[in-house]
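Chemist: Need a 3D model of the following:
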Amino acid sequence: MAKAYSLDLREKVMSFLSAGKKKREAMEVFGLSLKTIYRWIKRKEKGMLAESKNNVRKPRKLDPEKLREYIKNHPGETLKQIGTAFGANPVSVFARIRQLGISYERKSYYTRSEMKKSGEHSRNSLAKSK
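Modeler: Alright, predicted model coming up:
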């Protein structure tokens, strides 16, 4: 992710424009896009020229260890049921399960590494061998 421009630069551009200079001149002098300059002008009008602090991530609802344990203890539950238990969207549950490397098909729980160790295969590989 790109870093935000400094507040010092933003203030310099705003003072440059308030001195009667044109936006296109500011674009060339400071090496910015017109879109950025217009965005900063709008932010200054709202009194929010400083960079926003909304880049902070919210803590995740789905604790990896709790989710892993829950799936082991409740192997027959659907993504929707798991999502309800954790207060999360089923799509989020699915994404988190994939992120953890868990192959989750209802009534089965194992990680990819456990599959390789035990010699278990997915349905696709079994179908190909027949």
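Chemist: I'd like to know how many residues surround the nearest residue to residue 37 once chain neighbours are set aside.
Modeler: In this structure, residue 37 finds its nearest non-sequential neighbour in residue 23, 5.3 Å apart by C-beta to C-beta, 6 or more residues apart in numbering. The way it works is simple: take the backbone N, C-alpha and C, and place the C-beta from them, glycine included. Look at residue 23: counted by other C-beta atoms under 10 Å, it has 14 neighbours.
Chemist: ok, residue 23 - contacts?
Modeler: 17, 34, 37, 38 (C-beta atoms under 8 Å, 6 or more residues apart in numbering).
Chemist: isn't the first one right up against residue 44?
Modeler: Meaning residue 17. No - using C-beta atoms under 8 Å, residue 17 is not in contact with residue 44; the gap is 9.2 Å.
Chemist: Residue 60 should be in a helix, yeah?
Modeler: No - with DSSP: H, G, I helix; E, B strand; the rest coil as the criterion, residue 60 is coil rather than part of a helix.
Chemist: Model confidence at it, what's the number?
Modeler: Note on residue 60: pLDDT of 70.
Chemist: Spit out the contact partners of it.
Modeler: residue 96.
Chemist: Check the gap between it and residue 3 for me.
Modeler: When distance is defined by C-beta to C-beta, to the nearest Å, residue 60 is 24 Å away from residue 3.
Chemist: And residue 61, by the same measure?
Modeler: 29 Å.
Chemist: Looking at those two, which has the bigger crowd around it?
Modeler: Using other C-beta under 10 Å, the more surrounded residue of residue 61 and residue 3 is residue 61, with 14 against 6.
Chemist: Verify the stated contact: that one with residue 95.
Modeler: No - taking C-beta under 8 Å as the definition, residue 61 is not a contact partner of residue 95, at 11.7 Å.
Chemist: which of the contacts of residue 23 are buried?
Modeler: By neighbour count, with 16 or more other C-beta atoms under 10 Å, these hold 17, 37 as buried.
Chemist: Who are the packing partners of whatever helix or strand residue 42 lives in?
Modeler: Here residue 42, judged by DSSP states H and E, is contained in helix 34-46. On a contact count with 3 or more C-beta pairs under 8 Å, 6 or more residues apart in numbering; DSSP states H and E, helix 34-46 meets helix 7-18, helix 23-30.
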